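[1] Show me the folded form of this:
(one chain, ligands or ions: 1)
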Amino acid sequence: MSLTISGLTAGYTREVPILSGVNLRAEEGMVTTIIGPNGAGKSTLLRAVFGYLKPASGTVEHFGRTVTGLEPEQMLTEGVAYLIQGRSVFPSMTVAENLELGCWTIRRDRRRVLDALARAYEQYPRMAEKRNARAGSLSGGEQRMLEIARITMTNPRTLLLDEPSVGLMPSLVEEVYQQIGALKKAGYLILLVDQNIRKTLQIADYVYVLKMGANSHHGPAAEFKHRLADIIKEWI
Ligand SMILES: Nc1ncnc2c1ncn2[C@@H]1O[C@H](COP(=O)(O)OP(=O)(O)OP(=O)(O)O)[C@@H](O)[C@H]1O
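    Residues are numbered from 1 along each chain as shown. Take a look at the predicted model:
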């Protein structure tokens, strides 16, 4: 099962397309990473897949269903979750309340919400310990853990992760990547964008390089570890 993007063209205005005919295929149980120079359109691609931007053309298929142009709420229902770039916890709300906010698509079914909370506490014991603490009192790494836990509350199959390690000190980056490793083991399809290319290549199975909104290279991560220096030279 896969997420397949074909010929996707999208932008923030009609006049200026940022993505021009992007193709990508990401598989279940694998981490697919998108790398490229600043402004290449990596975050824009995730936004266009999740429905924050309407594609001008092209298609997105998720686990055999066409999901092109659906709204973000519909994408959640389709089993796609999105970790947005930057901080997204509500600092004055508790950890438990933040997690409940992640239950958007199942919010009317209290039983399912409670089950989802129980699952999250089992998977993230630190969140269980701090369930009544204000999210703003957590460390930067714990806040990121809360954000990742929150996007799994609706039981998605696919996680779109935009810059999960940005702004974190190295030991916390390590923690976040361990978490992503655990999510991969759990079988999620993960599409990852992160400035920390070295870390992404350690965890990735497959790599796509975007340049100026279009495909440049792609291949198994193992190949990229040797070619990375040459590829980055091309960006400068
Ligand atoms: N909200 C926005 N409105 C208009 N243009 C935007 C917006 N966000 C990004 N852009 C433009 O879209 C292009 C691609 O940006 P995007 O953030 O997708 O690149 P990126 O590859 O993720 O870069 P970075 O690694 O720097 O985050 C850039 O030219 C950027 O200026």
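
[2] Grab the most central residue of this protein for me.
    Most central in the chain under C-alpha atoms, centre = their mean is residue 161, positioned 1.7 Å from the mean C-alpha point.

[3] Return the set of residues that bridge with it.
    Here residue 161 sits in beta bridges with residue 83, residue 192, going by DSSP bridges.

[4] so how far is residue 50 from it?
    Distance from residue 161 to residue 50, counting by C-beta to C-beta, to the nearest Å: 11 Å. (Each C-beta comes from the backbone N, C-alpha and C, glycine too.)

[5] Can you verify my assumption that residue 34 contacts residue 24?
    Yes: with contacts counted by C-beta atoms under 8 Å, residue 34 reaches residue 24, the gap being 7.4 Å.

[6] if I look at these two, which residues touch both of them?
    45, 191, 208 (C-beta atoms under 8 Å, 6 or more residues apart in numbering).

[7] quick one: contacts for the residue nearest to the centre of the chain?
    For residue 161, the contact set (C-beta under 8 Å, 6+ apart) comprises 83, 148, 180, 190-194.

[8] before we move on, what about residue 106?
    Residue 106 touches 112-113, 116, 153-154, counting by C-beta under 8 Å, 6+ apart.

[9] cutoff 6 Å now
    Contacts for residue 106 were tallied using C-beta atoms under 6 Å, 6 or more residues apart in numbering; they are residue 112.

[10] Flag every residue of the chain that's near the ligand.
    12, 18, 36, 38-44 (C-beta under 6 Å from any ligand atom).

[11] Let's have the residues you listed in CSV, adding pLDDT.
    Output for the residues of the chain next to the ligand, formatted as CSV (pLDDT from 0 to 100):
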residue, pLDDT
12, 95
18, 95
36, 93
38, 91
39, 93
40, 94
41, 96
42, 97
43, 96
44, 97
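
[12] Show the buried residues in those residues.
    18, 36, 40-44 (16 or more other C-beta atoms under 10 Å).

[13] among the residues you listed, which two are most distant?
    Maximum pairwise distance among these (C-beta to C-beta): 12.1 Å, between 18 and 36.

[14] My understanding was that residue 221 contacts residue 207; is that so?
    Yes: counting by C-beta atoms under 6 Å, residue 207 is a contact partner of residue 221 at 5.2 Å.

[15] Those two: which is more packed in?
    residue 207 (26 against 18; other C-beta atoms under 10 Å).

[16] Please consider this matter closed, and thank you.
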